[in-house]
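> Could you work out the structure for the sequence below:
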Amino acid sequence: MLSIKHSVAVLIRRGDEILSTRRPDNDDELPGIWGLPAGTARGEETTAEVISRIGHDKLGVKLTPLRRLALGAQNREKYRLEMELWEVSMEGQLRHPNWQWGSLELLKPGKEAGSLCCELAINSKSRAS
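From the prediction side, this is the model:
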């Protein structure tokens, strides 16, 4: 039986654009892929706590949860990934080493490579249209 990893991805909007971050080239699953900022729950961490940690630790900003957009799951080689996609607001200046604003099109290569956060974001947009 696969262990379960609970993760949260955040969708940050600026008008019609979203914030995308690039995974490091040494990432063990999706190296160099552009996707959404995300984090995995540690212990009994709540979704709000994971979102706060993504903001503070990964981006150097304050994130405020607005609404859950989607849920999804995906079996990986060593675990089952269960992910929530949340729309959040952002306060502060980004300190991530590799980020850009752009359309959801930025996430298509990530979706094709198997990124669940990219898939959830693209699918939630098509449902909202």
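> What are the boundaries of the helices in this protein?
47-53, 108-113, 116-128 (DSSP state H).
> By mean pLDDT, point me to the weakest helix or strand of the chain.
Least confident element among the helices and strands of the chain, by mean pLDDT, DSSP states H and E: helix 116-128 (a mean of 84).
> Run the chain-centre distance for it.
Helix 116-128 sits 11 Å away from the centroid of its parent chain (CA atoms, centre = their mean, to the nearest Å).
> cool, stretch 12-28 as well?
Using CA atoms, centre = their mean, the mean C-alpha position of stretch 12-28 is found 8 Å from that of the whole chain.
> Okay, buried residues for it please.
Buried residues in stretch 12-28, counted by 16 or more other CB atoms under 10 Å: 12, 18-23. Quick note: C-beta positions are derived from backbone N, CA and C, even for glycine.
> Could you list the low-pLDDT ranges of the chain?
Scanning the chain for pLDDT under 70 picks out 126-129.
> returning to that earlier point: now for the helices of the chain, which one comes closest to R95?
Checking these against R95 by CB to CB gives helix 47-53 as the closest, at 14.1 Å.
> Which of the buried residues of stretch 12-28 sits closest to R68?
Comparing the buried residues of stretch 12-28 against R68 with CB to CB places I12 closest, at 14.6 Å.
> which stretches of the chain form strands?
Ranges of strands in the chain, per DSSP state E, are 3-14, 17-22, 34-35, 38-40, 62-75, 79-91, 99-102.
> in terms of contact, does G114 touch G35 like I think?
No: contact criterion CB atoms under 8 Å: G114 and G35 do not qualify, at 10.6 Å.
> can you put the buried residues of stretch 12-28 in CSV and add distance to V61?
As requested, those are arranged in CSV below (distance: CB to CB, whole Å):
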residue, distance to V61
I12, 9
I18, 15
L19, 10
S20, 15
T21, 12
R22, 17
R23, 19
